[in-house]
Structure formats: structure tokens, C-alpha cells
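Engineer: Sequence isn't available, so here's the structure alone:
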């Protein structure tokens with residue numbers, strides 16, 4: 001294999017493969033990126049059997065061929081070379097890859113290319129829907145942060161993905177996630193001219209969801225979503241990401257989302273987030289609780305750190321209704337919502353200090369968040 005390619009073009013597929021290749025070992029083919037040089041350029045592939053990516057990039061190919069080299073090492077080597085450089089890639093009979101740029105070069109040991117599990121990517125065609133990439137990206141960012149990281153509860157380790165008919169040329173797209181302490185839900189009506197009206201419901205593993213965000217960073221304005229057997233496949237910007245579904249029953253999230261609370265306050269999102277950061281700045285223990293005291297016209301935030309001291313701050317509340325209330329929360333959970341909800345104002349609704357708190361904004365009616373309180 002002999003190829004000439006710009007560094008910037010090569011970095012795109014290598015960056016997308018970083019979350020998929022096995023970083024714990026350098027001797028397993030699952031740590032490798034499979035690169036095939038053909039007439040039209042380079043094709044990249046990486047897999048861990050649960051998540052698989054394939055991507056294409058244009059290149060000047062003078063000698064076709066294939067290599068299988070450690071994906072992390074290749075990414076680090078290319079990233080270290082000068083920006084704007086034109087790279088020359090070539091392989092030898094011992095499966096070594098030579099990367100040259102001016103007076104710099106790397107020799108990377110590889111594996112026999114035929115050892116790559118080429119059947120990892122399903123080439124079949126399934127039911128699909130083409131939609132606006134920005135809408136999928138926004139909804140994913142609203143939900144990915146609250147996915148569980150405890151693998152003992154498999155159903156909570158991914159984002160619930162639902163599609164259902166809404167009207168001619170339209171579909172209702174919904175994403176939900178929860179870790180048992182908080183819940184996030186985002187839904188929108190999207191334009192989908194080729195949607196056949198079939199309902200779909202699956203759980204996409206958090207690793208696959210995170211890799212999807214990498215693909216959505218590209219310039220392509222749309223993304224195609226396909227449902228093929230046990231897999232969900234996303235295609236955008238000359239890349240195809242396949243994620244194996246989590247075959248578990250997702251909890252009935254509708255039972256977790258409370259109705260309107262008896263106490264309701266509306267705050268400026270940025271001011272609320274800044275206050276939370278200040279009162280939590282004295283410590284980082286996950287056991288810390290921020291106490292909120294809600295009363296007419298203002299909210300008081302306070303955190304106590306036994307070995308350090310106390311932090312206290314008050315904010316004016318322009319919109320308030322209900323009785324006086326004291327309640328405690330994990331400050332990180334509140335900050336996470338403020339960081340993903342890109343609206344000027346945020347509303348908190350509660351019934352009492354033991355009931356779930358509903359967070360939402362009238363500026364983005366499709367997004368709602370639920371946080372369980374902590375005992376004071």
C-alpha cells in the first residue's frame with residue numbers, strides 16, 4: 001500500500017475510531033484500525049463487536065493494499081506531525097506501516113489485515129429514516145449525561161431511543177435516560193420525508209451514543225438512522241456507525257416524571273448555575289448536599305463542609321408560587337441540567353422535600369429533567 005493524504009483529512013476517521021478501539025492492549029486486533037487503500041481513497045474500520053465504525057476519506061492512492069495497525073498509536077503519531085503536512089503512508093510484507101512527513105517518520109508494527117473481523121459491520125439494509133443531524137445531536141446531549149455507569153443494571157446503561165409517526169412526512173423522536181437518581185427526556189417532531197410510519201424502540205449503549213456525537217460533528221447536515229436486526233446504524237459525513245442494542249426492558253419513565261408541583265420557581269439559568277458552582281467550590285465530595293430554601297421572591301443555597309466551613313448564597317426569584325420549602329440535592333445533578341439546557345430561564349417544580357423535582361423551560365418544551373432529592 002502506498003498513499004498520499006493530508007494530515008487534516010486523515011485525522012477525521014482516526015479521531016472517530018478512538019472510543020472504539022481497545023486501549024487496554026496493543027496485541028489484540030480489536031486495538032487496531034483496519035485501513036484499505038482502493039481506487040477512490042481510504043476506507044477505515046474499527047470494532048469491539050458492540051460498536052463498529054466504517055468511514056471513507058479521499059486520498060491519492062498509488063498502490064492499493066490493506067493494513068491493520070494499533071489505532072491509538074496511529075492517532076498519536078499523526079496528531080504529533082505538523083499541521084498542514086502531506087503524509088505518505090506505505091506498508092511492507094511484515095505488516096508494518098511507514099508514516100512519513102518531511103524529515104519525520106514513524107514505523108508502526110501491525111497485524112495481518114486478514115485477521116480483522118470483516119463481518120462486524122452489517123451491510124444489510126433495514127428500515128430507515130433520514131433526519132436533521134442538529135436535532136439528533138441536541139437531543140443526545142440532553143440525555144447522554146444521565147445514563148447509568150453501573151453495568152449491573154444493563155437497561156439503564158444506554159439511551160432509550162423511540163420513533164413513532166406524528167403526521168405526513170413527520171416523526172416523533174424521543175430519547176430518555178436515567179441512572180436511578182435522575183432522569184432526562186428530550187423529544188421533538190422532526191421532518192422525515194422517507195419515514196414509513198414504523199414504530200421503533202431500542203436502547204442504545206452509552207458508548208455507542210458517545211461515538212455517535214463524534215460522527216455528528218461532521219459537515220453533513222443530515223443523518224440516516226437504520227434499524228437492522230439487533231443493531232441500530234447511523235450514517236453521516238461518509239461514516240457509518242453500528243451499535244448493538246441493549247436487549248433489556250427500559251423502565252416505565254412516564255411513572256417517574258411528576259405532574260406540576262405545588263411549589264414552582266423560575267430562575268435565570270446562568271445565574272443559578274454560577275451560584276451552584278460557588279457554593280460547591282469548597283469541596284468535591286460526592287456526599288455533599290446543597291440545601292435550597294425556597295420562599296417568596298428568593299432562593300437561598302447553602303452547603304456545609306464539616307472540616308472546612310459553610311458556603312451560602314441567595315438569588316432573587318422573579319417567578320414564584322407555593323409555600324416555603326427546604327430541600328436538598330446533589331449539586332452536580334443540578335449543574336448538569338443547567339449545562340445542557342441552553343435556555344435563558346429554568347423552572348424547578350416540587351411538591352415537598354421528599355418528592356422528585358421537575359426541571360424544565362418554556363423555551364424548550366420538549367426537554368424535561370427529574371432529580372430525586374437528598375435527605376437533609
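Structural biologist: Okay, I see it. All values reported here derive from a predicted model rather than from experimental measurement. Numbering: from 1, shown residues only.
Engineer: Quick check: residue 101 vs residue 64, distance?
Structural biologist: Per CB to CB, to the nearest Å, residue 101 is found 22 Å from residue 64. Backbone N, C-alpha and C define where each C-beta goes, glycine included.
Engineer: Bridged to the residue nearest to residue 60 when sequence neighbours are not counted, which residues?
Structural biologist: In space, and not counting its chain neighbours, residue 60 is closest to residue 4: 4.2 Å by CB to CB, 6 or more residues apart in numbering. Beta-bridge partners of residue 4, counted by DSSP bridges, are residue 60, residue 88.
Engineer: ok, residue 4 touching residue 99?
Structural biologist: No: checked against CB atoms under 8 Å, the pair residue 4 and residue 99 is beyond contact range at 11.5 Å.
Engineer: quick one: which of those two has more around it?
Structural biologist: Between residue 4 and residue 99, counted using other CB atoms under 10 Å, residue 99 has the larger neighbour count: 19 against 14.
Engineer: Now do the helix or strand hosting that one: distance to the chain's middle.
Structural biologist: Taking DSSP states H and E as the definition, residue 99 sits inside strand 97-101. Relative to its chain's centre, strand 97-101 lies at 33 Å (CA atoms, centre = their mean, to the nearest Å).
Engineer: and if you look at stretch 234-246?
Structural biologist: What separates the centre of stretch 234-246 from the centre of its chain is 13 Å, taken as CA atoms, centre = their mean.
Engineer: all helices of this protein, in order?
Structural biologist: Using DSSP state H, the helices found in the chain span residues 7-17, 71-80, 133-143, 206-215, 269-279, 331-340.
Engineer: helices or strands up against the first one?
Structural biologist: For helix 7-17, the contact count by 3 or more CB pairs under 8 Å, 6 or more residues apart in numbering; DSSP states H and E identifies strand 41-47, strand 51-57, helix 71-80, strand 86-91, helix 206-215 as packing neighbours.
Engineer: 7 Å instead?
Structural biologist: With contacts defined as 3 or more CB pairs under 7 Å, 6 or more residues apart in numbering; DSSP states H and E, the secondary structure elements packing on helix 7-17 are strand 41-47, strand 51-57, helix 71-80, helix 206-215.
Engineer: List the residues that contact the nearest residue to residue 347 once chain neighbours are set aside.
Structural biologist: Nearest non-adjacent residue to residue 347, counting by CB to CB, 6+ apart: residue 266, 4.6 Å away. If you count contacts by CB atoms under 7 Å, 6 or more residues apart in numbering, residue 266 has them with 318-319, 345, 347.
Engineer: Neighbouring strands - and their directions - for the worst-scoring helix or strand of the chain on mean pLDDT?
Structural biologist: Across the helices and strands of the chain, the lowest-confidence element by mean pLDDT, DSSP states H and E is strand 319-321, at a mean of 86. Next to strand 319-321 in the sheet, as set by DSSP bridges, lie strand 263-268 (antiparallel).
Engineer: ok, so what distance separates residue 126 from residue 45?
Structural biologist: In this structure, residue 126 and residue 45 are separated by 19 Å, where distance is defined by CB to CB.
Engineer: quick one, which of these two is more surrounded?
Structural biologist: residue 45 (23 against 14).
Engineer: who's the more buried one bridged to?
Structural biologist: Residue 45 forms beta bridges with residue 34, residue 54, as assigned by DSSP bridges.
Engineer: hang on, it packs against residue 54?
Structural biologist: Yes: counting by CB atoms under 7 Å, residue 45 sits close enough to residue 54 to count as a contact (4.7 Å).
Engineer: Quick check: neighbours shared by those two?
Structural biologist: Jointly contacting residue 45 and residue 54 under the rule CB under 7 Å, 6+ apart are residue 121.
Engineer: What sits closest to residue 279 if chain neighbours are left out?
Structural biologist: Once flanking residues are discounted, residue 279 sits nearest to residue 311: 4.1 Å by CB to CB, 6+ apart.
Engineer: residues near that neighbour, how many?
Structural biologist: Residues lying near residue 311 (other CB under 10 Å) number 18.
Engineer: try residue 196
Structural biologist: 10.
Engineer: if I pick it, what's in contact with it?
Structural biologist: Going by CB under 7 Å, 6+ apart, residue 196 touches residue 127.
Engineer: Phi, psi for it please.
Structural biologist: The phi and psi torsions at residue 196 (degrees, to the nearest 10) take the values phi -90, psi 0.
Engineer: Per-residue pLDDT of it, please?
Structural biologist: For residue 196, the pLDDT comes out at 87.
Engineer: just residue 119 next, same as before
Structural biologist: In this prediction, residue 119 has a pLDDT value of 70.
Engineer: count of neighbours near residue 96?
Structural biologist: Residue 96: 14 surrounding residues under other CB under 10 Å.
Engineer: er, residue 244 I mean
Structural biologist: Other residues lying near residue 244 total 19 when counted by other CB under 10 Å.
Engineer: ok, back up a step: can you tell which of the helices and strands packed on helix 7-17 is closest to residue 145?
Structural biologist: helix 206-215 (9.9 Å; CB to CB).
Engineer: Now tell me what touches the closest one from outside.
Structural biologist: 15-16, 19-20, 50-51, 53, 137, 140, 144, 147, 157-159, 234, 236-237, 239, 241, 243.
Engineer: which of these are buried?
Structural biologist: Neighbour-count burial (16 or more other CB atoms under 10 Å) applied to the contacts of helix 206-215 gives 16, 19-20, 50-51, 53, 137, 140, 144, 147, 157-159, 234, 236-237, 239, 241, 243.
Engineer: pLDDT weak spots in this structure?
Structural biologist: 23, 25-27, 124, 284-287 (pLDDT under 70).
Engineer: Wait, residue 144 touches residue 159, no?
Structural biologist: Yes: using CB under 7 Å, residue 144 makes contact with residue 159 at a distance of 6.3 Å.
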